[in-house]
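[1] Predicted structure and sequence below. I'll ask about it afterward.
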Amino acid sequence: MKYVDEFRNGDYAKTLVRLIQKLTKKKINIMEICGSHTMAIFRYGIKDILPSNIRLISGPGCPVCVTSQGYIDTALELSLSREVIIATFGDMIRVPGTKTSLMKRKAEGADIKIVYSPMDALTLAENNPLKKVVFLSVGFETTTPITAITILEAKKRGVKNIFFLTSNKMVPPVMRTLVEDKELNITGFLLPGNVSAIIGKKPYEFLSSEYNVSGVVTGFEPLDILKGLKVLIDIINNNASVIVNEYKRVVRDEGNVTALRYIKEVFEVTDSTWRGIGNIEKSGYKINTEYEQFDAVKQFNINYKECDSSSECRCGDILKGKITPIECSLFKKACTPDHPVGSCMVSYEGVCAAYYKFLNT
């Protein structure tokens, strides 16, 4: 398959692995900051072929996983109203709130619709003018532009019964929090190709200039990841500090200027709570005053409280890369994909889900 098979060449992969194994004897901790990277690393067995001195750490790269429990509880409360239709992506309905989940609430009769795009929610609102449609807008910079475009389109069409409960987050600020955690001792990052396609390379440069930590933007095929690792390890081994774009077939250094313009027009930067990590300054987006008619928080007078998940669930430590899922007492016991206790087991991109699917423990 053109443009796919080229990045799954077994012979070249073996060459890259041999080069990586010869690069250094230093102990290096590399964090991948994207759930798609996490799944690809497990799927292709990349951890198993690296030398023992190279440690890959899975970070908080899954937007569903880091969505706060207070947000889920708010969505659950809104679903109790007969006037409201909740529109959400499929993986969100299984994320546990304090007492229940959207899936269980749907089974009890709540009007909860699975959609594949915010634009589907807009259509839902147009087709149900007597209902209030609330779209659960969750995601990183990758999906924030389409929410912005949908809000602009809703205003253009004069649709007044659609609202957005936003939990859109920014990746670079959480990386600052992680690199400042001395317990993690991160020496380099594999940077997410999908997020970088929107924001470009510049937002990561504080890592090298302020913390002497390097990063490489890379894609999601096995050769992408191996090449990214090879470049990153070589940089670290030479005691350099730089951000490199190794995904140039998709990512421009300046990012997607049009997508960034849409985000800037509709959203403003705000503090945001990350599940298991806490509040991070200027790490999220909220709808600005010009478009506040679509802001569910303001239109429903929402003032939700933040809370943690089950005291036994160690999603927070897993999201920070401090432990692996195997070290959580609930993993594969009380917590499974069919009965998730924590958000990391819900999403396809969740670390616990990856361990459950690919590791025999």
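    Sure thing, it's come through.
[2] Can you classify residue 263 by secondary structure?
    Classification of residue 263 using DSSP: H, G, I helix; E, B strand; the rest coil returns helix.
[3] Relative to residue 36, how far out is it?
    Between residue 263 and residue 36 the computed distance is 21 Å (C-beta to C-beta, to the nearest Å). Where you see a C-beta, it was placed from the backbone N, CA and C, and this is true even at glycine.
[4] higher neighbour count, those two?
    Under the neighbour definition other C-beta atoms under 10 Å, residue 263 and residue 36 were set side by side, and residue 263 has more, 22 against 19.
[5] so how far is residue 117 from that one?
    Distance, residue 263 to residue 117, by C-beta to C-beta: 17 Å.
[6] Summarise which helices and strands the lengthiest helix in the chain is packed against.
    Longest helix of the chain, by residue count under DSSP state H: helix 222-237. Where contact means 3 or more C-beta pairs under 8 Å, 6 or more residues apart in numbering; DSSP states H and E, helix 222-237 is packed against helix 10-23, strand 28-32, helix 35-43, helix 46-49, strand 188-192, strand 214-218, strand 243-245.
[7] Indicate which one of these is closest to residue 335.
    Nearest to residue 335, of all the helices and strands packed on helix 222-237, is helix 35-43, at 17.4 Å by C-beta to C-beta.
[8] tell me the angle the longest helix of the chain makes with helix 35-43.
    Interaxial angle, helix 222-237 versus helix 35-43 (axes from the mean of the first three to the mean of the last three C-alpha atoms, to 10 degrees): 100 degrees.
[9] mind listing what's buried in helix 222-237?
    By 16 or more other C-beta atoms under 10 Å, the buried positions in helix 222-237 come out as 222-236.
[10] between it and strand 188-192, how big is the angle?
    Using the same axes, to 10 degrees, helix 222-237 lies at 150 degrees relative to strand 188-192.
[11] Least confident of the helices and strands packed on helix 222-237, on average?
    Mean pLDDT is lowest for helix 10-23 among the helices and strands packed on helix 222-237, at a mean of 84.
[12] Pull out the buried residues from that helix.
    Of the residues in helix 10-23, 13, 16, 17, 20, 23 count as buried by neighbour count, 16+ other C-beta under 10 Å.
[13] Go through those residues and name the one nearest residue 205.
    Using C-beta to C-beta, these come closest to residue 205 at residue 23, 23.9 Å.
[14] Could you tell me how far the closest one is located from residue 232?
    Residue 23 is 10 Å from residue 232, by C-beta to C-beta.
[15] sorry, back to before: reformat the helices and strands packed on helix 222-237 as TSV; add distance to residue 77.
    TSV is the format used below for those (distance: least, C-beta to C-beta, whole Å):
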stretch	distance to residue 77
helix 10-23	49
strand 28-32	35
helix 35-43	27
helix 46-49	41
strand 188-192	32
strand 214-218	39
strand 243-245	42
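[16] Please report phi then psi for the closest residue in space to residue 328 that isn't next to it in sequence.
    Nearest residue to residue 328, sequence neighbours excluded (C-beta to C-beta, 6 or more residues apart in numbering): residue 314, at 4.3 Å. In terms of degrees, to the nearest 10, the main-chain angles of residue 314 are phi -110, psi 30.
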